[in-house]
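Visitor: this one's structure only:
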């Protein structure tokens, strides 16, 4: 262990996925711990090197921007998996499905009758003044009433081992390709582990996704044509777009490959125009349709919104889902579950204070050094204050920002995210992790066991985002 | 008042256009006070009709064969009843009024606009009278240029430059209204100004809980009347414009528009 | 397949051929420069090369007189010359990158590595130190790309468009090269009379022999010539071999045969006219006779006509399959 004193306590206090409070290996980690103990250091080092080389060769990169000379950056992969016992996953799974079902019903409601607003549960301003709300979608019918077909729900575990939902990602959630490639890499480098422990497979995700997308094709289409719409190779997640298209066996297209004629979408092929029925789109709402949204977008397809309204094309995810994954809408998700499903939420939200409320604002300002403060409309871990690790100057600067625009901020207690042993400079040490399971909604709601596990590689850091020095791990859900 | 309308729009391109798609908002709204007697749009292709989220009747025209000109001809007859103090009734629209409080790039309000609006109406935008006062102030502050423009200027720039067309008046009006917390929307349509004068025009609707939607012609500094024929409403020009299109190829575009209205 | 994908593949292959062709041209010129000839003849040689690429004007404006080092620099590594080896390989790699998912890993890596190594070698001054080595290397990389393509790519639409790009480019390059060289030859024939040297044995004029064998060497056809003709090198036979002999893979007739076959394989609802034009051009080559060409329209007219038609085919292919009219 290192000697950064302040962080040491948080990391030490945090729930360790592998070791219990007495330092014993938890039952679901036994098999792995045993195997790891039997491996000579050089063997593990060789494996880690091989993983690096292979990821680089395959070209799984974070961003290809600025690589005129061919160098590309990798997101570091850590060999030690995060292991989750079956019973724990079952509960998580139920909670995820419940949550995403309610979120879809919420989005449907907002673009139809606004019941939850009229019932006084969610304020009208929260919804209709939200920057992600798209009035253009009012009364547009979508297949199976599903708006969010692919959701990435960020889950964290706190000190006592309880799970919380940190954030919902309902627009263009990414990372599933890392989940799949990490599993392939683990199986390749540690095959013995997979015969010893019964790890639930994830490789069928592309099949599930394709199935899902076909299920939501416009009605009366026998053999729907699905495509993946990408902004292009300069987008930081391009690898994933290409990967998923290839795994599903569908075309990867850019906006200029598609056109709309009489409210039907076609792609330009060497055999002439071919009708498209479902678009798995990884382009943001604003850029999707220069005829209806940003006129300067070269990434979209003019007329796409009309085609949606005419029910001749399905977009996955639909336009306008961003309204429900906003950090301020997050506060109402437990209420949504109660309102639409009449059930108690299985998964809890992280306790959150809204700086727009005066009493909560004063609490936040009084406890700033202990809290994590986030911008309501931000993304990617920027525009965020992590109280415990911030300097005096950073705290003061952020305080001023909050006071200037209180409505832009929410605060949450600093969760000591759980930790998992990770390879670091000095050997193996605990590092904070989160989990992003992916939920697919079609005729049914389905998940693959586990998800993308992100790890904060910097010692004591609680920020797992790849854009700020995070890495990933494989996630093993054990079957009974 | 009955209006006989003949509206022709012609686009010319210096190079062939290989593909173009246009959304036309050239059909009068089915508002209570507007009675459509007959209406026809002649276009060089099939028109797909839809009603958009704002309740506007839209037509989409797609041309997939090379072309270097597009001509759209609207002919029709419509009877518009007088409005009582500009009040527009009987809308079936399901969009919540809050949707019209949101600033858009063309109608964003900065400190300058806020100051201007608060200067004109220190007690706020309480009702239709205040709206007329605001229209008066804007019409005085922003010198009127006749005509319409396809390229749009943002409200803050309109205020700064001090001159503009009716669309600019309207965008500034919307920005001020929203800055004062009042739902406001852009109206596109025809104005029968006098016996020989007809034009495509832009004005605004404001909403209060007590009054509902009230229609104000900012440039004209008056309530809208039976001389105003409403084609479309939206948050700003971008979503309400009579014609909006995207094309592939074409080189330079030039447009000519002729509107003829007889009473 | 997506039109845009086919377009990238088509151009990816055109560019690698273009790069190789440039390297071969430069190689020939470098070898010819070793012969004892008049200063004027040498200069004309380099000028002819620039003419072949229609770059005389641009070169003169930016570099001045056709000094060998300057021309080599211009044609090999000038980033602002769209026909330079550097520019062509960059374009090849950019097109490949855009459709990386459509290429086998091996093909992508071959192209990518070619580009990265080119950058390193240019940096190291390999071109200036040992130009012949440099040109040979480009040639071998092109062979490698072709080999990896034929051996690893699935035989489907993608491959047919790649072959089309390759064949059209090579046909264009061959026709241009012949036109310029033959024109050069006519201008320099003993006695200066055009046509005077046709059919006449050249062994008496050592310089002429080296020129024509250099041209044959440029397209790796010298030994083939010997095998086919078992006789001395004459200009008309060189032309016959390179234009009308179907057994030489890089002859115009063999390349056009390829174009026609590949077009047939990708034919869609509106490519019939393009196929017809390709077939017509092929038939003229298949049934043509060298005497008719040389006596009748003359080689220059024939080649100019051929170039225009090949060019037109490229445009038609673009329209029928690859991209909309304008973008």
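Guide: Perfect, I can see it now. Keep in mind that what you see is a predicted model, and the values were worked out from it rather than measured.
Visitor: Run through the bridge partners of the closest residue to chain C within chain B.
Guide: Here chain B gets closest to chain C at one residue, residue B:249, 3.2 Å apart by CB to the nearest CB. C-beta here means a position set from N, CA and C on the backbone, and glycine is covered the same way. On the basis of DSSP bridges, residue B:249 is bridged to residue B:17.
Visitor: In this structure it contacts residue B:15, no?
Guide: Yes - counting by CB atoms under 8 Å, a contact exists between residue B:249 and residue B:15, whose distance comes to 5.8 Å.
Visitor: ok, these two, which is more surrounded?
Guide: Neighbours per residue, other CB atoms under 10 Å in any protein chain shown: of residue B:249 and residue B:15, the larger number sits with residue B:249, 18 against 13.
Visitor: how about stretch B:191-200: buried residues?
Guide: Neighbour-count burial for stretch B:191-200, counted by 16 or more other CB atoms under 10 Å in any protein chain shown, picks out B:191-192, B:198-200.
Visitor: Tell me which residues are up against it.
Guide: Contact with stretch B:191-200 is made by B:1, B:3, B:5, B:7, B:146-148, B:188-190, B:201, B:203, B:217, B:220, B:227-229, B:242, B:257, B:259-261, B:263, as judged by CB atoms under 8 Å, 6 or more residues apart in numbering or on different chains.
Visitor: What about residue B:252, how many residues nearby?
Guide: 8.
Visitor: Nearest spatial neighbour of it, chain-adjacent residues omitted?
Guide: Closest residue to residue B:252 apart from its sequence neighbours, by CB to CB, 6 or more residues apart in numbering or on different chains: residue B:14 at 4.5 Å.
Visitor: In contact with residue A:176, which residues?
Guide: Under the criterion of CB under 8 Å, 6+ apart, the contact list for residue A:176 reads A:152, A:205, A:240, A:244, A:438, A:452.
Visitor: List the contacts of the closest residue to residue C:252 other than its chain neighbours.
Guide: In space, and not counting its chain neighbours, residue C:252 is closest to residue C:243: 4.8 Å by CB to CB, 6+ apart. For residue C:243, the contact set (CB under 8 Å, 6+ apart) comprises C:178, C:251-253, C:285, C:288, C:290, C:293.
Visitor: closest to residue C:223 among those?
Guide: Set against residue C:223, the nearest of the contacts of residue C:243 by CB to CB is residue C:251 (14.9 Å).
Visitor: That closest one contacts residue C:241, correct?
Guide: Yes - Residue C:251 lies in contact with residue C:241 (CB under 8 Å); the separation is 6.9 Å.
Visitor: So these two - more neighbours on which side?
Guide: Higher neighbour count among residue C:251 and residue C:241: residue C:251, with 24 against 20, using other CB under 10 Å.
Visitor: Present the contacts of residue C:243 as TSV; the columns should include pLDDT and distance to residue A:107.
Guide: Shown next, in TSV, are the contacts of residue C:243 (pLDDT from 0 to 100; distance: CB to CB, whole Å):
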residue	pLDDT	distance to residue A:107
C:178	86	67
C:251	95	65
C:252	97	63
C:253	97	64
C:285	96	64
C:288	92	69
C:290	90	75
C:293	88	72
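Visitor: Nearest to residue C:229 among those residues?
Guide: Nearest to residue C:229 among the contacts of residue C:243 is residue C:290, at 12.0 Å by CB to CB.
Visitor: which residues touch that closest one?
Guide: Each residue near residue C:290 by CB under 8 Å, 6+ apart is listed here: C:236-237, C:239-240, C:243-244.
Visitor: Minimum pLDDT in those, which residue is that?
Guide: Ranked by pLDDT, these bottom out at residue C:236, which has 86.
Visitor: Next, count neighbours for that residue.
Guide: The local packing of residue C:236 (other CB under 10 Å) involves 17 other residues.
Visitor: next helix or strand past the helix or strand harbouring it?
Guide: Per DSSP states H and E: residue C:236 is located in helix C:235-244. Downstream of helix C:235-244, the next assigned helix or strand under DSSP H and E is helix C:252-266.
Visitor: list the buried ones in that next one?
Guide: C:252-260, C:262-263, C:266.
Visitor: Please compute how far that helix lies from its chain's middle.
Guide: Remark: helix C:252-266 is offset 16 Å from the chain centroid, using CA atoms, centre = their mean, to the nearest Å.
Visitor: And the contacts of that helix?
Guide: Residues from elsewhere that reach helix C:252-266 (CB under 8 Å, 6+ apart): A:270, C:157, C:160-161, C:163-164, C:167-168, C:170-171, C:174-175, C:242-248, C:271, C:274-275, C:278-279, C:281-282, C:285-286, C:306, C:313, C:317, C:321.
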